[in-house]
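# quick one: sequence plus predicted model below, questions after.
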Amino acid sequence: MPNLSIKDVPEAWAEALRQRASRSHRSLQGELMAIIERAVQEEAVPANSGQTGVVGFDRFGHPITRPGTKTIEQIHAEHLKRFPEPIRGGPLAVDIIRADRDSR
């Protein structure tokens, strides 16, 4: 595998990366690989093909992403767009469950 090297990194940036790696429970090398992997995957997915979401983590702690998945925040935002007001006047869940239970 090829090696990459970045020279003249400001100390503040290096320290910020070390802290980020620590928060992610990774080595600095592992954190840099995760950052590069995300950047490469973002480029590999065309902008109009939908969202890319994290669906898990590999054995190194790197995120596994799949095109077409959405985060819970994205789903929530879409739901709020479609239904800006709460749905009122429908039956309560407890009443539906009671009716189902009592019908047996």
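Perfect, thanks for sending it. Numbering: from 1, shown residues only.

# which helix of the protein spans the most residues?
helix 28-44 (DSSP state H).

# so which elements touch that one?
helix 11-23, strand 63-67 (3 or more C-beta pairs under 8 Å, 6 or more residues apart in numbering; DSSP states H and E). Where C-beta positions appear, they are placed from N, C-alpha and C, glycine not excepted.

# now with 6 Å?
In terms of contacts (3 or more C-beta pairs under 6 Å, 6 or more residues apart in numbering; DSSP states H and E), helix 28-44 is packed against helix 11-23.

# return the set of buried residues in the helix it packs on.
Buried positions in helix 11-23, judged by neighbour count with 16 or more other C-beta atoms under 10 Å: A21.

# which residues touch that helix?
Contact with helix 11-23 is made by 28, 31, as judged by C-beta atoms under 6 Å, 6 or more residues apart in numbering.

# hang on, V54 in a strand?
Yes: judged by DSSP: H, G, I helix; E, B strand; the rest coil, V54 forms part of a strand.
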